[in-house]
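In: quick check, what structure comes out for this input:
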Amino acid sequence: MKRKVTKAIFPVAGLGTRFLPATKSVPKEIMTLVDRPLIQYAIDEARAAGIKEFIFVTARGKSALEDYFDCAPQLEAELRKKGKTDLLKILKATNMDSGAIAYIRQQKAMGLGHAVWCARRLIGNEPFAVILPDDVIAAERSCLQQMVDAYQETGGNMVAAMEVPADKTNAYGVLDVDQDMGQMVSVKGMVEKPDPDTAPSNLAVIGRYILTPRVMQNINRSKQGAGGEIQLTDAIAQEIENGGGVYGFRFKGQRYDCGSKAGFLQATVAFGLAREDLRGEFSEYLRELMCHAKAAE
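Out: Below you'll find the model as predicted:
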């Protein structure tokens, strides 16, 4: 029987330079999408998939991220005093049990593979998930939950995948597909940020992974790859040579790249319109905005 996936790594050590000056003092992962920070969406997705242990790979300047998941007794007492039970319930949902979260420092920015490797001692000999909070995925059933269910059938290593425009492959890790089985593909190779002219497909890796502990050993032996960094893609691709199964999973849902300003704005509009308490007023505003824009043309 395959072991359950109960641990997840959240690489959150990046400086978030694309969002300066906001990220000068606020970690990018705390920036709010409507009224929840990016990291809360990632945590909620992991919880829905049965994750019990949350491992954050952080860096200097991320203390606000750690504080976010802690209790806030003074704020809770104030809300209780004013009878704001709904807000109190929302606030308590952000708290994490003692011992559920571990924080590991990545002292040098050496790439995603290195960030994952920093958590190796907490992973031990268990399969684990990796969630990149920049990728926010709106789905009826959480993306990681879909993957965990599929993993029970396949085992091995699994990456979330989606088709991207052919001219955008140089922004992603791209799969070299061996067999296309519809929602699932078996993989015979992975290339990090290939030139569109040489990309093996347009099926790109998105920021959700379920990996075997052997990937950690591969990272330990990895040399610097694309961009002079230690790439997670290279360590997963090594599993193909080792005879371990690697699969791409076409998830059902809409992915937003909240690591870019345009993607963050798109996600804000989409999630705002999805909220019953905001939809009416917000959609009316957007209609008026579009009318003004057309009139000005």
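In: now the helices for the protein?
Out: Assigned by DSSP state H, the helices in the chain fall at 38-48, 63-68, 73-81, 85-92, 112-117, 120-123, 143-154, 214-221, 232-241, 261-274, 276-296.
In: so where's the stretch 1-150 of the chain uncertain?
Out: Scanning the stretch 1-150 of the chain for pLDDT under 70 picks out 1-2.
In: ok, E239 - contacts?
Out: E239 is in contact with G156, N157, T212, R214, V215, N218, G245, V246, counting by C-beta atoms under 8 Å, 6 or more residues apart in numbering. Every C-beta, even on glycine, is put in place using the N, C-alpha and C of the backbone.
In: the helices of the chain: which one's closest to I55?
Out: Proximity of those to I55 was assessed by C-beta to C-beta; the nearest stretch is helix 120-123, lying at 5.3 Å.
In: extract the C-alpha trace of the closest one and format it as PDB.
Out: The C-alpha coordinates for helix 120-123 follow below in PDB (Å, rounded to 0.1, in the frame of the first residue of the first chain):
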ATOM      1  CA  ARG A 120      15.100  17.100   3.800                       C
ATOM      2  CA  ARG A 121      15.500  16.200   7.500                       C
ATOM      3  CA  LEU A 122      11.900  16.900   8.200                       C
ATOM      4  CA  ILE A 123      10.700  14.800   5.200                       C
END
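In: run the chain-centre distance for it.
Out: Counting by C-alpha atoms, centre = their mean, to the nearest Å, helix 120-123 is centred 19 Å from the centre of its parent chain.
In: G182 and Q146: what is the separation?
Out: 14 Å (C-beta to C-beta, to the nearest Å).
In: and what of P27?
Out: Between P27 and Q146 the distance is 28 Å, computed by C-beta to C-beta.
In: more neighbours: which of those two?
Out: P27 (26 against 22; other C-beta atoms under 10 Å).
In: right, and the more buried one touches E66 too?
Out: No: under the criterion of C-beta atoms under 8 Å, P27 makes no contact with E66, lying 9.5 Å away.
In: what's the residue nearest to A166 when sequence neighbours are not counted in contact with, if anything?
Out: Excluding the flanking residues, the one nearest A166 by C-beta to C-beta, 6 or more residues apart in numbering is N202, at 5.0 Å. Going by C-beta under 8 Å, 6+ apart, N202 touches E163, V164, P165, A166, T169, V174.
In: once you drop chain neighbours, what's closest to the third one?
Out: Using C-beta to C-beta, 6+ apart and skipping residues adjacent in sequence, the residue nearest P165 is N202, 7.1 Å away.
In: do you know the pLDDT at the residue lying closest to A161 once chain neighbours are set aside?
Out: The shortest distance from A161 to any non-neighbouring residue, by C-beta to C-beta, 6+ apart, is to G248 (3.8 Å). What the model reports as pLDDT for G248 is 94.
In: tell me how far G248 lies from C143.
Out: From G248 across to C143, the span is 13 Å (C-beta to C-beta).
In: try E78
Out: Distance from E78 to C143, counting by C-beta to C-beta: 36 Å.
In: look at these two and report which has more neighbours.
Out: Counted by other C-beta under 10 Å, E78 and C143 do not tie: C143 has more neighbours, with 25 against 13.
In: for that one, what are its contacts?
Out: Going by C-beta under 8 Å, 6+ apart, C143 touches E45, I137, A160, R208, F251, G253.
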